[in-house]
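Participant: 3D model of this:
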Amino acid sequence: MTHWSTALCALALLVSGLEIVVSHPRFYWGETGNVLTPPLFSIPIPSSRATVPTGYKYVLPDANGWSRYLHFEAAWALVLTSVVYALWGFVSGHFQRNLLPRAGDRSWRAICRDVRNHLRRSRIADEDAGSYNLLQRVTYLFVIFALFPLLIWTGLAMSPAFDSTLPAAVSVLGGRQSARTLHLVLTVSLVLFVLVHIVMVWLAGFRNRMTAMITGRVDAGQERL
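Facilitator: Numbers count the residues shown, from 1 in each chain. So this is what the prediction gives:
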């Protein structure tokens, strides 16, 4: 349930976040940034604000209020979902049992062989269908306990209310504009992770993997695509 709730929230955040970026596709480093400030970098797309030079002969209407509302609502829904997932993960022992690397984990050579088998559309052994190898464990741990918290932190750091309440949490990032830039970099990293995740699920056996992700059970004898 938390997996698919997270997927829906992430989709809403991505769509609304893209509209927010279109509103001002310039990124800065520091506390402030505006059209008169040299950007750290900019995305060459038409901006919805006429005050931003775009190099195009037209601008899009500045109507991103819906995207901000949706972005904030989806963000808090994702935070609540993450809290439920984290509590369940610790209480049930999921993190310790399935994600923490163990002394008995297979070697890096075996992990690389698994990755090559994925890319060659080879079948994964039935006994491995419900477990993670070391590379997967490290990747999921990084996404869950580093990437997601940093996304939440940088998102909150862009809020004036959060800045006034915990200014040190914003200053350590370099300022509100730095937080916005880092938020974009982290978002791109998460999107790349999701794309690789989807490709690997498809190559590993789409039907069996999707069934396991929906029902929570692995059917080792099920036909794989």
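
Participant: Tell me if I am right that residue 35 is in a strand.
Facilitator: No: with DSSP: H, G, I helix; E, B strand; the rest coil as the criterion, residue 35 is assigned coil and is not in a strand.

Participant: gap between it and residue 157?
Facilitator: For residue 35, the distance to residue 157 (CB to CB, to the nearest Å) stands at 22 Å. (C-beta placed from N, C-alpha, C; glycine too.)

Participant: ok, these two, which is more surrounded?
Facilitator: When residue 35 is set against residue 157 and neighbours are counted by other CB atoms under 10 Å, the residue ahead is residue 157, at 25 against 12.

Participant: Phi and psi next, for that one.
Facilitator: Here is the backbone geometry of residue 157 (degrees, to the nearest 10): phi -70, psi -20.

Participant: Enumerate every residue touching it.
Facilitator: If a contact means CB atoms under 8 Å, 6 or more residues apart in numbering, then residue 157 has 163, 169, 170, 173, 176, 179 as its contacts.

Participant: mind checking pLDDT for it?
Facilitator: The score at residue 157 is 94. That number is its pLDDT.

Participant: what domains does the record give for the protein?
Facilitator: Residue ranges of the domains in the chain are recorded as 1-92, 107-225, according to automatic domain parsing.

Participant: Dump those domains into a markdown table; add distance to residue 98 as well.
Facilitator: Supplementary listing: these in a markdown table, determined by distance: least, CB to CB, whole Å:
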| stretch | distance to residue 98 |
| --- | --- |
| domain 1-92 | 9 |
| domain 107-225 | 6 |
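
Participant: which stretch in the ones you listed has the least confidence?
Facilitator: Per-stretch averages of pLDDT across the domains of the chain put domain 107-225 at the bottom, with a mean of 79.

Participant: Could I have the buried ones of the contacts of residue 157 as ChimeraX selection syntax?
Facilitator: One line in ChimeraX is enough to select the buried members of the contacts of residue 157, burial here meaning 16 or more other CB atoms under 10 Å:
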select :163,170,173,176,179
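
Participant: ok, the contacts of residue 157 vs residue 137, which is closest?
Facilitator: Closest approach to residue 137 among the contacts of residue 157 (CB to CB): residue 173, at 28.4 Å.

Participant: Excluding chain neighbours, give the residue nearest to the closest one in space.
Facilitator: On the basis of CB to CB, 6 or more residues apart in numbering, the spatially nearest residue to residue 173 that is not a chain neighbour turns out to be residue 179, at 4.7 Å.

Participant: cool, and residue 157?
Facilitator: The shortest distance from residue 157 to any residue that is not its chain neighbour, by CB to CB, 6+ apart, is 3.6 Å, and that residue is residue 179.

Participant: Residue 94 too?
Facilitator: With CB to CB, 6+ apart as the criterion, residue 94 has its nearest non-adjacent residue at 6.9 Å, and that residue is residue 88.
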